[in-house]
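[1] Sequence first, then the predicted structure, then my questions.
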Amino acid sequence: MSTLDLRPPEVVMRLARLGAAQPSRLSFLRVLMRRAARERWRVRRACFELNDCGFGRAVYAVETPRRVYSLVAFSTPLEDEHRTDRVIARAWDSSYVLYDGLPDTDEVVRLNATAPLQEAGRFTQRDLVLARANKSVRLFQIVVDALARGEQPGEEQLANVGYFMRTTAVYGNGKFGIADRDEIASRPELAGPFQAEMLTVWLIRSFTFDLADHIASRRNPGGAARLAPRLRRILGVGNATGLGMAPFLVRHPVLIHNWFFARETALARVRALPRAAERERNAFARALDDMRSRVARWRSADPRQSAAIAALRADLEALTREAPAILNRQARPWDAVYRLAEERLSLEGQEACVSLLLEPHGAAIDDLAKTMNADESVGYSIGGRMTCAALSALIENRYAWARRIDFCDPAANARFWYVSAEKLEPRLGQRFEEDGSEREQPLATARDAVALSAALQAEPAETNVANFLLRRPEWRHVVRRAQIVAKFPYAEIYDNLIGADLRPVDLLRAKLAFFGALNFDPRSDRWLRIALFAGEPLIEEIGVDAALGEAA
Amino acid sequence: MIDLSLNEAETLAAKAARGAGFSWGLADEIGRAARVLAMQGEDWGEALLALVGAAQAFEAPSAERIALWRRGEQDLPGAQPLCPVRTAAFLLDVAAEFRPAPLRIANVGLPIWLSAILARSGQWIAELEEPLAAGGVTIRPIAVAALLLGANRAALAPKMLAALNAHAARTYVPESEPSRRRGAGGGSVDDD
């Protein structure tokens, strides 16, 4: 297949563009849905023991071709004043463990004691993911009331909120004693990035529907309605994400490269296609329609996001007007659509266009999902034989953008990332107003690359990096990163992560878009709400129709 | 005993090492090495506590000693034990070129760390001489990368965990009123 050049990292990896990222068919929850449909996963409710108020426990068992996994869910009473989105809360409406296998009674009893404690509990290697979620109280109540009356809740109202519950943390990879990622990395069904976490959230989604049905039916046995499948399908699971997620993008450079490289490769493949067949043109039109109705409902109280959404609406109108004629042209029509976006649309519009262009082309690009994992050990080794002059030239080349930042300007240095002693969570401090910057976390990537470059100037050109690092071990992590970026160009975010104008939500959105999140709603410059799995197949549908995973 | 995941062991070790004054890059090496020790069934907690306690008492290999190693001449121990982490990191960095076989190094402090850091390269094997406290190590390149297999959990006594957490805590910043207010940005109470 002939390909065009990829969009360069200097374009792709800017914060403003990351902050406009959209989910695509390579997003992790879409990858999970395709596999689940293809392999006809079967999900059954192995246990559902809830009282009239909906408190108790449930187990959902997923049978995949090779293994069984179970979502063990606990629903517990929670005072309204304790219902907070903060990751540091101590009590939740519901807590969950994705369990490796089907838990016996003893294991459910064990989890009953620990899962509601979340971070304060200890877990075992049978526990793959730990999560919790709070009700969207107002909507949940409205829905239960309607169902108990034997009626369906209003579709518009459901679509506007988008979910019954919002997760405030979904933990994987060994946290609090749960299984290491290594334990599951060789299992095809969970090998892709965040597949275990996505599976957990998908199952939580169904638990929230069943919970509403259950409470309504207990309130009005015989007379209550069940939430209609068509309404279930438009709902997802909410998520509130704060700063805690941001350092991940910096700490996993090889993995991040693979995510972006896969997506950019997919875009380049689509742009290189010589023609647009009718089937793909129709699929594009459907995806564009879906996106327009989604964006019509997308609300944010954040003025900047609000303006971006307004611009996106206009952009999608423009695409709707102009894309059909372009796609009927003979030569590289998809490329022409992208170029139109690049020339005339906002960043939101451009990134939305990328997602739309990928949508009809599963046959050409879905194989790239397999490349989005990473063996991160490939980045561990430092090339110690490289000369200081060569390293200096490498930084000159790869970090030219960083050298244009004047770090003598206090605004360029205004923030510092740290870990809070109280909450053990990442935080962003004001360097010149708060104490603690001597304990700064190594996330000042641009500043440190520039400073390393200056340190290298003091070295004889032929000194090798190993000897330099033997004397100056404080540069080890910066050298490692520079050498990774030389090999993996999408590994770096090409912006200052400690500047006064940094909006951490831009980092969060990029990661969440790769998860498959919709309806980004920044609540400040440092946290946002999203929805996952809205519009995706339900657990009762997935094993029935292998084509379901294809639907957006 | 507390049953930690390997990832927890690695993270704790890296933080404790950083808290004890190792650079970020070396702290990363120590984290990965702690994982190796746990997989090998070693008492990684004890080893880590010893390492962070002695961090300031070690010296890095001097240019003169490295020159001896390169020439294959007998090593001349310095006044302080060699830092196992900085020595291993250097050997890793030059792995492709600097392969005297075998290389004997004298007076390496806590040589188990040199061995664990080299183990992840899959290119070197470090044989520790008895008594361990004397710090004699012989390093040989290996032709075929060795797979790291072993335990998949890292046990730790509660007391040891507390001691290591105290070192890790030196990487944390206490809250101030403004930072507490700003937090991670989450709202106070759900509003819908």
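    All right, it came through fine. Residues are numbered from 1 along each chain as shown, chains lettered A, B, ... in the order given.
[2] can we go C-alpha only for contacts and neighbour counts from here?
    Fine.
[3] residues in contact with the residue nearest to the spatial centre of chain B?
    Centroid-nearest residue in chain B, with C-alpha atoms, centre = their mean: B:Ile30, separated by 2.6 Å. For B:Ile30, the contacting residues are B:Glu10, B:Ala13, B:Ala14, B:Ala17, B:Val85, B:Trp113, B:Ile117, by C-alpha atoms under 8 Å, 6 or more residues apart in numbering or on different chains.
[4] Tell me how far the last one lies from A:Arg275.
    Per C-alpha to C-alpha, to the nearest Å, B:Ile117 is found 54 Å from A:Arg275.
[5] Which of those two has more residues huddled nearby?
    Between B:Ile117 and A:Arg275, B:Ile117 has the larger neighbour count (other C-alpha atoms under 10 Å in any protein chain shown), namely 30 against 19.
[6] give me the element that one is part of.
    According to DSSP states H and E, B:Ile117 maps onto helix B:111-119.
[7] pLDDT score assigned to residue 90?
    Using chain A. A:Arg90 is assigned a pLDDT of 80 by the prediction.
[8] Chain B was what I was after
    95.
[9] Do any residues in the host helix or strand of it lie close to chain A?
    B:Phe90 is part of helix B:84-93 when elements are defined by DSSP H and E. Yes. Contact of helix B:84-93 with chain A (C-alpha under 8 Å from any C-alpha of the partner chain) involves B:Arg86, B:Phe90, B:Leu92, B:Asp93.
[10] What average pLDDT does the helix or strand following that helix get?
    Toward the C-terminus, helix B:84-93 is succeeded by strand B:103-105 as the next helix or strand (DSSP H and E). Average pLDDT, strand B:103-105: 91.
[11] How far off centre is strand B:103-105?
    Centroid separation for strand B:103-105 versus its chain: 19 Å, with C-alpha atoms, centre = their mean, to the nearest Å.
[12] can you give me the strands in the chain?
    Answering for chain A, as no chain was given. Assigned by DSSP state E, chain A shows strands spanning A:42-50, A:56-63, A:68-75, A:94-100, A:127-135, A:163-171, A:236-241, A:415-420, A:426-430, A:518-522, A:528-532.
[13] Chain B is the one I meant
    Ranges of strands within chain B are B:2-5, B:103-105, B:124-128, B:137-141, B:153-156, B:172-173, based on DSSP E.
[14] before we move on, back to that, helix B:84-93 and the helix holding B:Ile117, what's the angle between them?
    Helix B:111-119 and helix B:84-93 meet at an angle of 20 degrees, taking axes from the mean of the first three to the mean of the last three C-alpha atoms, to 10 degrees as the criterion.
[15] Briefly note if helix B:111-119 comes near chain A.
    No. Helix B:111-119 lies out of reach of chain A by C-alpha under 8 Å from any C-alpha, never closer than 11.2 Å.
[16] Where is the longest helix in chain B?
    For chain B, the helix reaching the highest residue count under DSSP state H is reported as helix B:24-39.
[17] how about JSON lines for the strands of chain B, with mean neighbour count and distance to A:Asp80 added?
    Shown next, in JSON lines, are these (neighbours: other C-alpha atoms under 10 Å in any protein chain shown; distance: least, C-alpha to C-alpha, whole Å):
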{"stretch": "strand B:2-5", "mean neighbour count": "22", "distance to A:Asp80": "34"}
{"stretch": "strand B:103-105", "mean neighbour count": "19", "distance to A:Asp80": "64"}
{"stretch": "strand B:124-128", "mean neighbour count": "21", "distance to A:Asp80": "59"}
{"stretch": "strand B:137-141", "mean neighbour count": "19", "distance to A:Asp80": "62"}
{"stretch": "strand B:153-156", "mean neighbour count": "22", "distance to A:Asp80": "38"}
{"stretch": "strand B:172-173", "mean neighbour count": "23", "distance to A:Asp80": "31"}
